[in-house]
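K.L.:
I would like to see how this sequence folds:
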Amino acid sequence: MLGCYINAMERKLLILQLSVFLIFIFLGNMTAQSFEDNPAGEKIKIGLALSGGGALGIAHIGVIQAFEEEGIPIDIIAGTSMGSIVGGLYASGYSSSEQRRIVEEIDWINIFNGKSQNDVKMIGSRYGILEPLLRLRFKLWEIYIPPGFNNGQSISNELFYYTSAANFDGGSIFDNLSVPFRSVAVDTSTGEAVSLGQGDLAQALRASMAIPMIFHPTRFGDRLLIDGGVLNNLPTDVVSEMGSDIIIACDVNGVPSFEEEPRTIAEVAQHTMDIAFYELVQENIKLADILIEPDLKGHEAYDFTDLDSLIEYGYKAAMEKMDEIKKLIPIEERNRISLLHKIDRKKLDLANIEYINISGLINVRRAVVVSDFSLKEGDIYNTELALGGIKEIYATGLFENVWLELDKLENNNVGINIYVIEKYPRTLGFGLNYQDQEGISGFFQIIHFNLFGWGERFMPFVRYGDINKKAGFEIVNDRLFSTPITLNNGLYYEQESPYLYDENGLETGRLDINRLVGQFSIGAHVYKKLLLMAGVRGERVWLEDNIQLSISSEILDNWNIFGRILFDNTDDKYFPRKGVNFSFETESMGSANFSSQVSTKLVGKLDIHFPVSRNQTISTFIFAGTSINGLPVYENFKTGGPYDLPGNNRDEVWSEHVFVGKLKYRLNIFKNLYFKSGFSIANVGGPDLFSNNLIQGVFAGVMVDFPLGPVSLFYGWNEEDREQIYFSMGYNF
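P.N.:
Numbering: from 1, shown residues only. Just a heads-up that it's a prediction; the model follows:
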């Protein structure tokens with residue numbers, strides 16, 4: 001009996017052991033099926049695919065924040081367009097909090113334009129170029145039609161600033177970044193989506209977000225690339241090909257809503273693109289183990305104003321999926337360091353520069369580029385200086401795009417490659433503006449940039465308006481043979497018919513003046529923002545009879561000798577937030593045959609701008625002018641208008657001495673809409689500069705910074721009970 005009992009117990013134990021064994025085999029098979037590409041002991045690889053979506057892609061930062069907080073590692077990452085930028089920054093070692101700081105610091109209003117920054121332009125580069133409504137560019141007789149509205153120079157600079165150190169440390173191989181990374185773009189020649197895994201990281205990101213017609217295509221090696229969203233807006237397939245075991249996708253576009261039928265061509269086009277993109281992304285969604293879709297309704301892809309809320313929506317959407325994510329990831333796989341490399345961002349700024357190559361030059365001489373790039377062979381590399389050099393090269397106006405690519409050499413030294421795309425050398429510019437009391441004025445200007453390869457500008461022009469008509473040409477060289485020497489020469493014919501007023505501001509007539517002027521001047525840039533100039537101007541002046549000014553018809557031949565000091569480091573010409581604009585000019589005038597007394601004119605101007613907050617600016621302005629031995633009446637200082645003498649007509653008061661002081665306040669109300677007000681005190685019409693003839697006034701109004709030029713509407717009043725409304729539209733010229 002005992003033996004039978006023992007045998008029964010052995011059979012039960014054997015059955016139990018067999019059952020446990022079978023359970024382990026079953027679980028092992030399931031594990032093998034889930035992670036068949038991961039042999040025992042290897043960590044599973046978690047891949048993240050980030051979609052494009054313009055500003056909506058900022059929500060990806062919130063997704064990464066949620067993963068960091070919950071200990072979900074990211075071992076592989078791929079992105080398209082804005083998803084590529086967020087993914088590329090993460091792969092470059094930037095955490096979600098660092099990326100949040102980056103997007104808060106970026107000036108999104110200016111980053112998506114192709115204008116060179118005012119603070120890196122040489123002050124002499126502003127001479128002679130009139131600001132147009134439309135500028136056409138030519139190569140011989142071939143007109144240049146830009147491949148997009150925006151050349152992407154500013155965003156390219158930003159991307160290089162943030163990614164160059166990581167790309168250098170990784171040897172320009174994206175698998176060597178903090179996380180293996182791919183940027184998705186489309187090749188314009190082959191029509192295929194390409195997954196970029198090596199080369200210049202900034203250019204790869206720039207290519208991935210080159211939205212057709214909005215941005216210029218991007219040159220990447222021998223390819224010309226556009227936005228990857230055209231063919232692959234959610235690159236789960238790329239993440240899969242990189243070896244991901246678990247694929248998490250974040251799509252910020254969601255399901256398109258067509259509650260209303262499209263009524264305009266723009267709405268039809270938008271609906272068409274939404275449908276196409278939605279259908280393209282469906283197959284890739286099937287590859288995702290987890291799909292995160294932030295609810296971003298009410299946010300527009302082009303609106304970069306409420307970025308914190310976008311990040312929060314991304315964070316919320318990821319947290320809502322966190323339980324599902326954790327079910328797929330064993331607990332031992334969480335809170336670990338991803339399969340990444342440690343990026344040393346300081347390594348690049350310790351590298352010696354072995355060579356500097358320049359590619360893309362056709363007509364511009366190499367010395368022009370080298371003179372603007374402050375780093376030299378043998379120097380220690382510095383990212384700030386390198387990027388500053390790129391901005392200065394672009395500010396010459398000779399290039400469509402300028403960018404840097406770095407080579408990692410032996411002993412961690414660096415080779416610098418400067419790539420340029422030259423602009424077509426000839427332009428036709430057409431401009432219009434409107435100003436009350438003058439009406440509509442216009443100009444036509446031809447500019448031949450880089451006439452002899454040193455950046456010279458030959459500029460014939462015609463200006464036509466009710467008060468001023470002018471025709472002639474200028475030849476300007478900002479840096480003669482790449483030296484600090486600048487030349488400004490010109491010949492023009494001018495007709496002026498300024499209004500004359502009585503003491504009550506009523507129009508009484510005009511003064512008719514005709515001039516033929518030839519000018520030669522030479523100067524030196526002490527540095528980019530300070531210019532010293534001297535020159536001579538010869539002119540023949542025809543004056544018509546004017547009873548009010550007691551002028552009889554006569555012809556005058558004069559020689560004028562002048563000197564100027566110019567300093568300007570303001571950050572914008574029309575809406576500066578900071579900086580100083582100072583000028584001082586002295587000019588001596590006399591007849592060509594020395595038959596009359598020489599008169600001298602002294603003019604000084606100081607304009608200082610202080611940012612008091614992100615949206616508010618306070619400015620102070622002083623303008624003073626005086627003369628010695630009197631001035632010809634047509635050379636008198638003219639004062640009046642919304643700022644200098646509010647309440648008076650523009651250029652109403654003529655005098656040989658003038659002093660104006662102003663305090664101005666400007667508020668950026670919304671985007672490009674500004675409120676501006678101020679107080680002025682002016683001393684005009686007295687016998688000398690410091691005569692006690694002060695007039696106080698105030699002004700207030702609004703300004704809008706339109707792409708075709710600023711528009712302003714102001715009210716002005718002064719203590720003489722003069723008041724007036726002022727309206728202007730377009731750039732001054």
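K.L.:
who touches stretch 425-444?
P.N.:
Residues from elsewhere that reach stretch 425-444, judged by CB atoms under 8 Å, 6 or more residues apart in numbering: 130-139, 363, 445-450, 461-468, 499, 649-650, 709, 725-733. From N, CA and C alone the C-beta is placed, and that goes for glycine too.
K.L.:
ok, now which ones touch the nearest residue to residue 616 once chain neighbours are set aside?
P.N.:
Here the nearest residue to residue 616 in space, its sequence neighbours aside, is residue 667; by CB to CB, 6 or more residues apart in numbering that works out to 5.4 Å. With contact taken as CB under 8 Å, 6+ apart, residue 667 is in contact with 615, 616, 674, 675, 676.
K.L.:
specify the beta-bridge partners of residue 667.
P.N.:
When bridges are taken as DSSP bridges, the partners of residue 667 come out as residue 616, residue 675.
K.L.:
just residue 532 next, same as before
P.N.:
Beta bridges link residue 532 to residue 524, residue 565 when assigned by DSSP bridges.
K.L.:
run a quick neighbour tally on it.
P.N.:
By the other CB atoms under 10 Å criterion, the neighbourhood of residue 532 contains 16 residues.
K.L.:
residues contacting it?
P.N.:
Here residue 532 is in contact with 523, 524, 526, 563, 564, 565, 566 (CB under 8 Å, 6+ apart).
K.L.:
which SS state does the nearest residue to residue 76 once chain neighbours are set aside fall under?
P.N.:
With CB to CB, 6+ apart as the measure, residue 47 is the residue that lies nearest to residue 76, at 3.9 Å, once sequence neighbours are left out. Taken by DSSP: H, G, I helix; E, B strand; the rest coil, the conformation at residue 47 corresponds to strand.
K.L.:
tell me, how many residues neighbour residue 47?
P.N.:
28.
K.L.:
ok, now residue 308?
P.N.:
By the other CB under 10 Å criterion, the neighbourhood of residue 308 contains 12 residues.
K.L.:
next: residue 108.
P.N.:
Once other CB under 10 Å is used to define contacts, residue 108 is seen to have 14 neighbours.
K.L.:
isn't it up against residue 302?
P.N.:
No. The pair residue 108 and residue 302 fails to qualify as a contact (CB atoms under 8 Å) at a distance of 10.2 Å.
K.L.:
all helices of this protein, in order?
P.N.:
Remark: helices assigned in the chain by DSSP state H are 2-34, 59-70, 82-91, 96-105, 108-111, 153-169, 201-208, 236-241, 265-285, 307-320, 322-328, 366-372, 383-395.
K.L.:
dump the ones you listed to CSV, plus mean pLDDT and distance to residue 179.
P.N.:
Supplementary listing: these in CSV, determined by pLDDT from 0 to 100; distance: least, CB to CB, whole Å:
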stretch, mean pLDDT, distance to residue 179
helix 2-34, 37, 22
helix 59-70, 96, 11
helix 82-91, 96, 5
helix 96-105, 93, 13
helix 108-111, 73, 25
helix 153-169, 94, 11
helix 201-208, 96, 13
helix 236-241, 96, 11
helix 265-285, 75, 20
helix 307-320, 95, 17
helix 322-328, 94, 17
helix 366-372, 91, 36
helix 383-395, 92, 22
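K.L.:
quick check: which of those helices is nearest to residue 143?
P.N.:
With CB to CB, the closest approach to residue 143 among the helices of the chain belongs to helix 153-169: 21.7 Å.
K.L.:
which residues touch the nearest residue to residue 615 once chain neighbours are set aside?
P.N.:
Setting aside the residues directly before and after it, residue 615 is nearest to residue 668 in space (CB to CB, 6+ apart), at 4.1 Å. Residue 668 makes contact with 614, 615, 616, 674, according to CB under 8 Å, 6+ apart.
K.L.:
next one: residue 668 from residue 229, what distance?
P.N.:
Computed as CB to CB, to the nearest Å, the residue 668 to residue 229 distance reads 32 Å.
K.L.:
next one: residue 494
P.N.:
When CB to CB is the yardstick, residue 494 and residue 229 sit 53 Å from each other.
K.L.:
comparing those two, which residue is more hemmed in?
P.N.:
A side-by-side neighbour count of residue 494 and residue 229, using other CB under 10 Å, places residue 229 first with 31 against 17.
K.L.:
residues touching that one, list them.
P.N.:
Counting by CB under 8 Å, 6+ apart, residue 229 touches 51, 52, 80, 81, 211, 277.
K.L.:
separation between the fourth one and residue 184?
P.N.:
Same thing as residue 81. Spatial separation of residue 81 from residue 184 under the definition CB to CB is 8 Å.
K.L.:
do the second one as well
P.N.:
Shown here: residue 52 relative to residue 184, a distance of 9 Å by CB to CB.
K.L.:
what is in contact with those two at once?
P.N.:
79, 80, 84, 208, 228.
K.L.:
so where's the stretch 601-733 of the chain uncertain?
P.N.:
Regions of the stretch 601-733 of the chain meeting the criterion pLDDT under 70 cover residues 685-691.
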